[in-house]
Structure formats: C-alpha cells, structure tokens
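Peer 1: What follows is a predicted protein model with its sequence.
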Amino acid sequence: MPSNMNSAARAQHSEPNITLYGRIAADPVGYVTWPTPDLHFSIVIDDAYSGITVIDGQPIFFEAGRRNFGLIRSNRYMNSLPGEVRTQIPLNPPQGMSRQEFARQLVVNSQKFASYVSPYSAPKNILGSRMRPGEYNSSSYVAGLLKSVTGYVPLVSVPGYLTPGWESPMPAHYYKGEAIR
C-alpha cells in the first residue's frame, strides 16, 4: 500500500489494538497495601471503526438497587480512556485468531457476562495479594474474560504493584450467560 493513503483507506486496513491498562484499585483504597499498591485492570480495545471500548468488572453500589449491592457487573464504556494508568500491557490474540475476532469476542463475552450474580470480594488478607478460593474481584473478572476468549490467563507481573484476583479468574460459565442466581 502506498504510504500516502488517505485516512479512510488506512482505517479500512487497520487492526484493533487490545491493551491491558492497570491503575490503582479504587484509588485511594488500593494504597492500603503501600508500598506495593493494588492494581485494577481494564481491557482497552482501540479500533479505527468503533473507537475506544473499555471493559472491566466493577462492584455495584446503589445504581442497581439494594438487592444487587456489592455484586460484580460487567462495565463497558466508549471513547474515553481510564485515567492515572500505571501500566499498559499489550494483549495478543491466541494463535489462529485475528485481532478483529479477538476484540469482537471480548466484547461479546463481556455482554454475555452474568452480572449481579457473584459477590465482589477483597483479598483474604487486606494486605495480601491473593483471593480466597471461589471469591472474585475486578481483576478476577478481567482474567476470566481473557480466559473465556483465549483459553488461558496471560501472565501479568507489574513490579511494585500487587494484582490480587488475577490468580483467581472467574469461571467461563459467567461469560456464557449460564451463571444463575
């Protein structure tokens, strides 16, 4: 392709970039583990066709009614990047899957997520870096979403930060609409 292509032609042949963004969890709460604060992860899909899509899991407080207080929901927002990002980790599709299909499947599985089913949990030791078995948080949501698409959870190591919940991905059935209250 010529290097002087117009922007429409460039967009037509571009592929989405998928990146894991890490920022301090529930700032300032994530600093409770100082000097190694906790990170909250979001998946950012930057696509020339649909713009920026950010996907993560969040606990519910009052916006979904008292019955859903403290439960995890899928959170998606468009055309706005997370603020105060501490790390960005590029994500690649599994072998044999295109970047477009990877991005599409992340969005589809996040839409199928059974929100308001699982309680949001803190690490077993508020100063620790691991969750109790069967308990999940926002990092568990992102790790589980990635695993539901790729079949594995990418290794994440961010020196100077803890990533509680990453080791405990939410099970695949949550991303298939199969989790039932």
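Peer 2: Everything's here; your move. Residues are numbered from 1 along each chain as shown.
Peer 1: All the helices of the protein, in order from the start?
Peer 2: Along the chain, counting by DSSP state H, helices occupy 7-12, 99-112, 138-150.
Peer 1: winner for burial among the ones you listed?
Peer 2: Most buried of the helices of the chain, by mean neighbour count (mean count of other CB atoms under 10 Å): helix 138-150, with a mean of 25. Every C-beta, even on glycine, is put in place using the N, C-alpha and C of the backbone.
Peer 1: just for this structure, where's the confidence low?
Peer 2: 1-13, 27-34, 61-69, 123-129, 178-181 (pLDDT under 70).
Peer 1: can you map out the strands along it?
Peer 2: 17-24, 39-47, 51-59, 72-78, 85-91 (DSSP state E).
Peer 1: ok, and what's touching the third one?
Peer 2: Going back to what we said before, that points to strand 51-59. Residues outside strand 51-59 that contact it (CB atoms under 8 Å, 6 or more residues apart in numbering) are 21, 40-47, 70-82, 103, 106-107, 110, 113, 120, 137-138, 140-142, 145, 170.
Peer 1: dump the residue contacts of the residue nearest to A122 when sequence neighbours are not counted.
Peer 2: Of all residues not flanking A122 in the chain, N137 sits nearest, at 7.2 Å (CB to CB, 6 or more residues apart in numbering). Residues counted as contacts of N137 (CB under 8 Å, 6+ apart) are 57, 59, 72, 120-123, 131, 164-165.
Peer 1: 6 Å instead, please
Peer 2: When contacts are counted by CB atoms under 6 Å, 6 or more residues apart in numbering, N137 touches 120-121, 165.
Peer 1: for G144, same thing?
Peer 2: 169-170 are the contacts of G144 under CB under 6 Å, 6+ apart.
Peer 1: likewise I45?
Peer 2: 16, 18, 53, 103.
Peer 1: measure S139 to E15 for me?
Peer 2: Distance of S139 to E15, given as CB to CB, to the nearest Å: 26 Å.
Peer 1: do N92 as well
Peer 2: 11 Å.
Peer 1: For K176, find the nearest of the helices of the chain.
Peer 2: Comparing those against K176 with CB to CB, the closest turns out to be helix 99-112 (5.8 Å).
Peer 1: And the contacts of that closest one?
Peer 2: 15-16, 18, 45, 55, 74, 93, 145, 148-149, 175-177.
Peer 1: what's around A172, how many residues?
Peer 2: 16 (other CB atoms under 10 Å).
Peer 1: so who does it touch?
Peer 2: Per CB under 6 Å, 6+ apart, neighbours of A172: S148.
Peer 1: Quick check: bridge partners of D56?
Peer 2: Note on D56: beta-bridge partners N75, judged by DSSP bridges.
Peer 1: Against S74, how distant is it?
Peer 2: 8 Å.
Peer 1: what touches both of these two?
Peer 2: With CB under 6 Å, 6+ apart, D56 and S74 have no common neighbours.
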